[in-house]
Structures are given as structure tokens and as C-alpha cells.
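Trainee: Using only what follows, build the 3D model:
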Amino acid sequence: MILTVTPSPAVDLTLELGQLELGAVNRSDHSEQEASGKGVNVSWALHRAGIETLALFPAGGTGKSFMTRALNDAQLPHRVVPIAAELRANVTLRPHLGLETKINSPGSPLSGEETSAFFLAIDQELSQASDVCICGSVPQGAPDDLIADIVRNAKRRGVRTLVDTSGTALDRAIDACPDIVTPNVHELFEITHTPLTTLGEVITASELIRSRGVETVVVTLGAAGALLVDSDGALWARATGVKPINSVGAGDALLAGLVSQKESPAEVLRTAVWWASSAVESMTTLFRLNPALLEGVKVTRDFSLSTTVN
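Mentor: Numbering: from 1, shown residues only. Here you go, the predicted model:
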């Protein structure tokens, strides 16, 4: 079973608009509401692909009721740790013309007692897990090393650990030596403070992360694909023939693809980029895998280090 842990879940509201005009009344043509959060999105993708998963997260208020109802309706296994605070809501404004705008609220705060209950629930579920994906930000009130502590506990139990977070939480998590981290270029720069304009520079920065004890670094590069760096060197995967509609959740889809199998690194990366490509062709994070896109994903070790990534 693949356990996903989401310290800061959310109800995601997407509003489709004819146009977006600041300082004026805008009317939505259509709206969608989803049970979300980075780890929850990973579990959605795995569940829809028929892979056993359990989504674990803290939630309270009416948002908790919505999340529970949505996941129950989809028969997606989950465990909610009750908290006093209302679950946060994120809003995506998607005009027909113009750039998509996403507004993320801060994570619902956790008290010390709630943080302890959250950690205990994770510890209980680890006994049934082969892998744990710890995804998203650390909420207010929880310690910065929360994700690092989850990693250390999972590693003691022999559970493979994958981390997708940023900033201080990522820096602390790296010290706990997770098996895989999946930063994007911006998050990698925050940690390494090195130039990241070419594939060669991304590899150099990834090796700085690996030198601290991380086995594999997978860097998401947006339209430039993804780069996997491990003890055997670097693999670059890129997709062709993708018609992007919505980039929200693409990184979560990539992580779900990474953890979905344990083949060779090249096949794992190919699968991950395929899942991400399928996600960006979907209007929502609840995407379906598009078999036609798999043929367009190319993985290679033979590439120019001077290839630009932005």
C-alpha cells in the first residue's frame, strides 16, 4: 500500500471566467470543487489507476465534511485526523482569455496536541505501507522538522520515503535522507542557491542534494520535462504531442507516476512524465491516463549539458 501524507490539505475551488478584470465584478461560467492537497492528489491519481493507496491528512470544519464525502463517494481509502481549525480553501481563476491565477490560503494551523495525534496516525499506518509520499507545506503550529521526523520514522520501519515540499521543510527533510525528493527548479534553487538555467546546472545542484544522503533527486522542469539524478548519473525525459490545458497538479501526478512502479529508473521516469503529461491535458486534477501520450515520452542519458530549461 502507498501511504500519502498531506499536512496541509485543501478544498480546491476552480472558477472558469469569460475574462478576469481586476477591480470589477467578474462572473463565473462554471465552477468545480475538489478534495485536494498535494498528497491527496497523489492518492487520487493512484486510486484512479487501480493502485492501492491511503490518503492521510488533518482536517476540520465544513471542509472536513466535504473532503470525507468526496473521498467516500470515490471509494478512495483515507484517514482524517480531526483538528479544530476550518480546512483551508484554495481558489483557481481560469479565464478563457489570459493567464490562469491561483490563490492558495495558508495551511490550517495545528496545535501541539493535534500535531502529536497526526504523527501517531502516520506511525500506525506505516505498518501497512510499502512507500510513503509526504507532500506539501508544514502548517502553522507544527515544527519545521515535521516532515523530517516522518521520514526518519518511516526509514526505521523500512518504508521507502518520497518527499515533495519546499523551503525550510525541504532543507530539514533532506537532512533525514529520504529515498527520493522531487523539487521543481525554483525549489531546488531555494535550497542550493546555484544557477539553474541549463540541464548541466540542474544536475550539479541535484548532486549537492545527493551529497547530503538523498538517493534520488527528480527535478520537474515544466515544459522541459523532468531530470532524474541518482548514483548512475542523470536521465532526462521529455514529452511531445502534449496539448496543455491545466498545469495545476502536474507535479503531484509526476510523483504518483514515480511511486506507481519499481522498474528501472528510465521506466520509472518515463511513467512519471507520462502521468504528468496526462494531467496537464485535463481540466481538473482528477485526470485519466492517456495511453497515446506514452509513446511521445523519450528518456535519454545522451543530451547536451548546455540545453536550457526555461
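
Trainee: for the protein, which residue is closest to the average position?
Mentor: Note on the chain: the residue nearest the mean C-alpha position is residue 252, at 3.2 Å, using CA atoms, centre = their mean.

Trainee: ok, residues contacting the host helix or strand of that residue?
Mentor: Assigned by DSSP states H and E, residue 252 falls within helix 250-259. Here helix 250-259 makes contact (CB atoms under 8 Å, 6 or more residues apart in numbering) with 2, 38-39, 41-42, 45-46, 49, 131, 133, 135, 162, 164, 180, 182, 184, 218, 220, 226, 268-269, 271-276, 278-280, 285, 287. No exception for glycine: its C-beta is placed from N, CA and C like everyone else's.

Trainee: Narrow the residues you listed to those in helices?
Mentor: Of the contacts of helix 250-259, the ones assigned to helices by DSSP state H are 38-39, 41-42, 45-46, 268-269, 271-276, 278-280.

Trainee: Is it correct that residue 121 is in contact with residue 78?
Mentor: No. Counting by CB atoms under 8 Å, residue 121 does not reach residue 78; the two are 11.2 Å apart.

Trainee: intersection of neighbour lists for these two?
Mentor: Common contact partners of residue 121 and residue 78 (CB under 8 Å, 6+ apart): residue 56.

Trainee: And the contacts of helix 250-259, which of them are buried?
Mentor: Buried members of the contacts of helix 250-259, counted by 16 or more other CB atoms under 10 Å: 2, 38-39, 41-42, 45-46, 131, 133, 135, 162, 164, 180, 182, 184, 218, 220, 226, 268-269, 271-276, 278-280, 285, 287.

Trainee: got a list of contacts for stretch 212-221?
Mentor: Contacts with stretch 212-221, where a contact means CB under 8 Å, 6+ apart, come from 174-175, 177-185, 188, 202, 206, 209-210, 226-231, 250-251, 254, 258, 265, 269, 272, 276, 309.

Trainee: Return a ChimeraX selection command for the buried portion of those.
Mentor: Selecting in ChimeraX just the buried members of the contacts of stretch 212-221, where the criterion is 16+ other CB under 10 Å, is done with this command:
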select :174,177,178,179,180,181,182,183,184,185,188,202,206,209,210,226,227,228,229,230,250,251,254,258,265,269,272,276,309
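
Trainee: Counting only strands, which of the contacts of stretch 212-221 make the cut?
Mentor: Among the contacts of stretch 212-221, DSSP state E puts 180, 181, 226, 227, 228, 229, 230 in strands.

Trainee: and of those, the nearest to residue 116?
Mentor: Nearest to residue 116 among those is residue 181, at 25.6 Å by CB to CB.

Trainee: ok, for that closest one, nearest residue in space, not its chain neighbours?
Mentor: Take residue 181 and drop its neighbours on the chain: the residue closest to it by CB to CB, 6 or more residues apart in numbering is residue 163, 4.9 Å away.

Trainee: residues contacting that neighbour?
Mentor: So residue 163 contacts 133, 134, 135, 147, 151, 170, 173, 178, 180, 181, 182 (CB under 8 Å, 6+ apart).

Trainee: ok, back up a step: now the angle from the helix holding residue 252 to helix 38-48?
Mentor: 50 degrees (axes from the mean of the first three to the mean of the last three CA atoms, to 10 degrees).

Trainee: got the CA coordinates for helix 250-259 in CSV?
Mentor: What follows is helix 250-259, C-alpha atoms only, in CSV (Å, rounded to 0.1, in the frame of the first residue of the first chain):
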residue,chain,number,x,y,z
ALA,A,250,1.1,18.2,-12.7
GLY,A,251,3.9,17.7,-10.1
ASP,A,252,1.6,15.6,-8.0
ALA,A,253,0.8,13.4,-11.0
LEU,A,254,4.5,13.0,-11.7
LEU,A,255,5.1,11.9,-8.1
ALA,A,256,2.2,9.4,-8.4
GLY,A,257,3.8,8.0,-11.5
LEU,A,258,7.2,7.8,-9.8
VAL,A,259,5.8,5.8,-6.9
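
Trainee: quick one, what contacts the nearest residue to residue 137 once chain neighbours are set aside?
Mentor: Distances taken as CB to CB, 6+ apart place residue 8 nearest to residue 137, at 4.8 Å, with adjacent residues excluded. The contact partners of residue 8, by CB under 8 Å, 6+ apart, come to 37, 88, 107, 108, 136, 137, 138, 139.
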